[in-house]
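Asks: what shape does this take:
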Amino acid sequence: MKGAERLSLDLGLPKQAPEIRPIRSSDMRRVARWISDARAEGQFSSCGKLTERQLRNYLKAQISEANDYTILVVEYDNQACGFVDFLKCDSRVELLGIYIEPAMRRRKIASYLLRLLSARWEYAGVRVAETRVFASNKTSLKLFTLLGFLSVADEVEDGRTVHVLRKTIGPLKRLTQLNPGYSRLIGKNLVAHHLVIATMLAEAIGKLDGVLLVLGLGSLARGFADEWSDVDIAVLGTGIAMQTLWRGERWFGKSDVDLFVVDVRKEPPSAWDEARRQAFSESIVLSSADSNLLKAVRKIVRMRPDEIRKLAVDKLFSLAWAGFAPPAWREKTYRGYLWSLPQDLWISRGCIAAAHNALDQALGLFFELLFVTNGRLPPDPKWQRFLVDEQDWLPEHFLSRLETLESCKRTERSFGPRSETLLQLIGETAKHLERERLLPEDMYSYYLRHSTVY
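Replies: Just a heads-up that it's a prediction; the model follows:
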C-alpha cells in the first residue's frame, strides 16, 4: 500500500454500535425461542425445542454451581435481536453460543459483537477464548477465522463434525504501569467499543508505508471511557503517510477519533516535551513495526533520577515565588537562596480573592511536586486532583488535610488555616526529597543552569 491516500476509512462497522446487556426476566421467552431456532438451523446441538422453564432452570443451575457464567442480550436500534453466552475460568473463556435473528443478519452485528467481547475480555485479563462450531456452519466458521480464531481440534457431536476454535487474546502492551487511581472511575464504560474502533483503525493505518508505531492513548490506556471520551490514537512514523494522514478529530458513527501524527524524523522521541511524554506514557501499543522505535519511546516516557531533581527544584521555586516556600526555609538563606516571599502578600495588598487564588495556584503546583516526587510526570491538570492521592509516597494524613484546604470558605479569616496547611504539606515533601537526596546543595545555581527561563 503506497501513501496515506490509499487508507480506507470504511472499518466494516455496523451503521450503529449494537449494545449488550444482562438478561432480564422479561427476556426469557425470546431467548428460549432463539436457542430453539438455532438448534433447528443446525447452529447448536440438536436437543429439540427449549422451553422458558428449562432455560430458567439452566440459569439457576449455573448460579448454584458457582460457575462464572454470563448470558447477554444483544440490542440493535433499541431492539433485542440476539444473545451471547460464555463461561469464564481464570484467564480463559469458553464462548458457548452466539445467535442473531435472521432478519437482523448481514448488518455486521455478529462480527462487531465478537470484536467487542474480545476487547472486554482483553481488559479483564482473559488470555484465551475458545468456542466450538459445527463444520456445516460455514458462515460462522468464516467469521471466527477472519477474527483470528484458529482450528485446534475436531470433535464429533450428534454424528456431526465440530471444529474447536481458539484465539489468543492480549495482554495489553503498556508503555508504563497504569496509575491505580483510574480504577475508581465509575459510570457506563464504553472502552471496549473504543478499543474495537482503535484496533480496526490501527490495522488499516499500520499497513501504510512509513507507519512504524500506533499507540492508543487516553481512555484506551485508562481502561475507562464514557460518552464524553475521545478515541485518542497516536501514529508515529516517517514519509508521506505522516504528511497526508488526517490530524485532529474525525467521527466514526457516534465515536470521536482524535488522531495525533508524529514524524519521528522531524520530532524524534528525544526532543519531546513533558506534556507529550506524559500523554504517551499512559498508552497501549496497537501496532508496532519497529522494535527500536518502541524501545526508544518506552525509554523517553520514563522519568530519570536527574530529571526528578530538575523538576522538583523547578516546582519548589515556583511555589516559593508564589509565597509558599517550605516553612523551615523561610526568611533564611538555604541551599543557595534567600526564601523571603510571604504567603500572605495579597492580604497585605488588600485583595483577599487574589490571596486565595494564589493559594489555589500553589496547591496545583504542589500536586505537580507530588507527582514528580513519586517519579511520575505530572498529568494534565484536569486529572491531577483525581490521581494525586494514589501516589506511593504522600505526607501523613494527606487526604484529611487536603479536605481542610478544599472545604474552607475563601475569606480573610480562613486564609491563615488554609495557607498553614499547605505550607506544612510542602515542608514535609521537601524533607522527603532531602532524605532521598534529590535536592542539590545550591538549588539556585542548579536552577539557573537548567532552567529555560534564564
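
Asks: quick one: contacts for residue 48?
Replies: 36, 39 (CB atoms under 8 Å, 6 or more residues apart in numbering). Glycine gets a C-beta too; all of them are placed from N, C-alpha and C.

Asks: swap in 6 Å and give it another go.
Replies: Residues near residue 48 by CB atoms under 6 Å, 6 or more residues apart in numbering: none.

Asks: again, but for residue 447
Replies: Per CB under 6 Å, 6+ apart, neighbours of residue 447: 313, 317.

Asks: mean confidence (pLDDT) on the helix or strand containing it, please.
Replies: For residue 447, the host element (DSSP states H and E) is helix 443-450. Helix 443-450 carries an average pLDDT of 96.

Asks: do a quick rundown of the helices in the stretch 301-450 of the chain.
Replies: 305-320, 345-348, 352-373, 381-387, 398-407, 412-435, 443-450 (DSSP state H, counting those that start in this stretch).

Asks: so which of those gets nearest residue 130?
Replies: helix 381-387 (37.4 Å; CB to CB).

Asks: now that closest one: how far from the chain's centre is it?
Replies: Remark: helix 381-387 is offset 15 Å from the chain centroid, using CA atoms, centre = their mean, to the nearest Å.

Asks: hey, C-alpha coordinates of it in CSV?
Replies: Output in CSV follows, covering the C-alpha atoms of helix 381-387 (Å, rounded to 0.1, in the frame of the first residue of the first chain):
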residue,chain,number,x,y,z
PRO,A,381,-4.3,19.4,35.2
LYS,A,382,-7.8,18.1,34.8
TRP,A,383,-6.6,14.7,36.1
GLN,A,384,-4.2,15.8,38.9
ARG,A,385,-6.7,16.1,41.7
PHE,A,386,-8.3,12.8,40.9
LEU,A,387,-5.0,10.9,40.8
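
Asks: buried residues of that helix, list them for me.
Replies: By neighbour count on 16 or more other CB atoms under 10 Å, the buried set for helix 381-387 is 383, 384, 387.

Asks: which one of the residues you listed is nearest to residue 124?
Replies: Of all the buried residues of helix 381-387, residue 124 sits closest to residue 387, with 22.5 Å by CB to CB.

Asks: could I get the pLDDT score of that closest one?
Replies: In this model, residue 387 is scored at 96, pLDDT.

Asks: so what's it up against?
Replies: Residue 387 neighbours (CB under 6 Å, 6+ apart): 179, 181.

Asks: would you mark the buried spots in the longest strand along the chain?
Replies: Criterion DSSP state E: the longest strand present in the chain is strand 79-89. Across strand 79-89, burial judged by 16+ other CB under 10 Å covers 80, 81, 82, 83, 84, 85, 86, 88.

Asks: closest to residue 225 among these?
Replies: Ranked by distance to residue 225 (CB to CB), these are led by residue 84 at 21.3 Å.

Asks: can you name the residues bridging to the closest one?
Replies: Listed beta-bridge partners, residue 84: residue 72, residue 98 (assigned using DSSP bridges).

Asks: stretch 237-256 - what's its average pLDDT?
Replies: For stretch 237-256, mean pLDDT rounds to 91.

Asks: now it: buried residues?
Replies: Buried residues in stretch 237-256, defined by neighbour count with 16+ other CB under 10 Å: 237, 238, 239, 241, 242, 245, 252, 255.

Asks: sitting in strands, which of these do you find?
Replies: Counting by DSSP E, the buried residues of stretch 237-256 place 237, 252, 255 in strands.

Asks: could you list the low-confidence segments of the stretch 1-150 of the chain?
Replies: Across the stretch 1-150 of the chain, residues meeting the criterion (pLDDT under 70) sit at 1-8.
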